[in-house]
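Chemist: Next come a sequence and a model predicted from it.
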Amino acid sequence: MPFCGPASTLSKVAMVLSFVILILHTSGYATNYWMIRYTAREDLDVGFGLWRMSNCSGYNTTTCAQSGLPANYLNTKVTAVRVMETVVLALIIACAICLALFVARRKSRTRGMVTAVMTIFVLAALVGVASKAVWVVQSPTHHYPGWSFGLTVFAITLNFTVAAILIPDVRQYDYKDLLEGGGYYDNIEVEQEDRKSMSAGGVTGAGIQAADYRDEARPVIETQGPKGAPVFQYLPYDKHRKMGGF
């Protein structure tokens, strides 16, 4: 399964958290309790969201009625918060998709991808902080933030958390280090015997030393000459193709 592959554990945790963030932010974005007006005797219990309001005033048996926001609650600041929260939601969706690709596909597991995801998460969090500040400033007297507002605040906190735990993936771990003692990954195969022969000085008569293992070349044994004597040759290869997170 691709999600059980060689991607780093931190990147997998970040992917799960990105979908948690998406659920939290969507729940807060769509519900009607960004701001509440409430009294202890419950003769007044009104919740205001970005788009609609819920009026539960009266006794506990009263059915809550939903309606659009009153005209006196609609202003340019509320419109600005709507726009910013919509942008935040779009950025979170993009990050969740990119992280899923980063974990599932080796070709997507690049430094550029993880850097972009981290940047977008931080940008989404900063836009979210700005929208929360505007919302608090525009709230009328005796109106207080509700649980919908709290869900989006918690989502913002997780945004910064995900960006932080992705930092180790930026260095793009090189899988060739895993092959020092033999192994297999993405069509690269190294035998322990080959490593031992190289550490001992290479094939007799070839003059190959252990220091001849260079980062930009991979040792390959090919038969040449009438006697079919094995000779080490260095063939160039793109080592970035052998990197894929950790």
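Modeler: Received it, and whenever you're ready, just let me know what you need.
Chemist: domains of this structure?
Modeler: By the assignment in automatic domain parsing, the chain contains the domains 2-171, 175-242.
Chemist: Least confident of those domains, on average?
Modeler: The weakest mean pLDDT among the domains of the chain belongs to domain 175-242, with a mean of 46.
Chemist: Okay, strands next: where are they in the chain?
Modeler: Here the chain has its strands, by DSSP state E, at 35-38, 45-48, 52-55, 65-68, 144-145, 183-185, 188-190, 217-224, 229-236.
Chemist: State the number of residues packed around the nearest residue in space to V114 that is not next to it in sequence.
Modeler: Nearest residue to V114, sequence neighbours excluded (CB to CB, 6 or more residues apart in numbering): D169, at 4.6 Å. Quick note: C-beta positions are derived from backbone N, CA and C, even for glycine. Number of residues near D169 (other CB atoms under 10 Å) recorded here: 24.
Chemist: And D169, how close does it get to M118?
Modeler: Going from D169 to M118 by CB to CB, to the nearest Å gives 9 Å.
Chemist: Just the CA trace of stretch 88-100, in CSV.
Modeler: Extracted in CSV, the C-alpha atoms of stretch 88-100 (Å, rounded to 0.1, in the frame of the first residue of the first chain):
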residue,chain,number,x,y,z
VAL,A,88,-8.0,29.6,4.3
LEU,A,89,-10.3,26.7,3.5
ALA,A,90,-9.0,26.5,-0.1
LEU,A,91,-5.4,26.6,1.1
ILE,A,92,-6.0,23.8,3.6
ILE,A,93,-7.7,21.6,0.9
ALA,A,94,-4.7,22.1,-1.4
CYS,A,95,-2.2,21.2,1.4
ALA,A,96,-4.1,18.1,2.3
ILE,A,97,-4.1,16.9,-1.3
CYS,A,98,-0.4,17.7,-1.7
LEU,A,99,0.6,15.9,1.5
ALA,A,100,-1.4,12.8,0.4
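Chemist: Could you number the chain from 36 rather than 1 from now on?
Modeler: Right, with 36 as the first residue, what we last looked at is stretch 123-135.
Chemist: got the buried residues for that stretch?
Modeler: V123, L124, L126, I127, A129, C130, A131, C133, L134, A135 (16 or more other CB atoms under 10 Å).
Chemist: which one among the residues you listed gets closest to T61?
Modeler: L124 (6.7 Å; CB to CB).
Chemist: Show the contacting residues for that closest one.
Modeler: L124 is in contact with H60, T61, Y64, counting by CB atoms under 8 Å, 6 or more residues apart in numbering.
Chemist: got the contact list for the second one?
Modeler: Each residue near T61 by CB under 8 Å, 6+ apart is listed here: L124.
Chemist: give the contact list for V205.
Modeler: R146, V149, T150, M153.
Chemist: likewise N90?
Modeler: With contact set as CB under 8 Å, 6+ apart, N90 has these partners: D80, V81, C99, A100, Q101, S102.
Chemist: these two touch, right, the third one and R87?
Modeler: No. Applying CB atoms under 8 Å, one finds C99 not in contact with R87, separated by 11.3 Å.
Chemist: anything in contact with each of those two?
Modeler: Joint contacts of C99 and R87 (CB under 8 Å, 6+ apart) do not exist.
Chemist: And for the closest residue to A129 other than its chain neighbours, the neighbour number?
Modeler: Using CB to CB, 6+ apart and skipping the chain neighbours, the partner closest in space to A129 is I155 (6.3 Å). Residue crowding around I155 was assessed by other CB under 10 Å; the count is 18.
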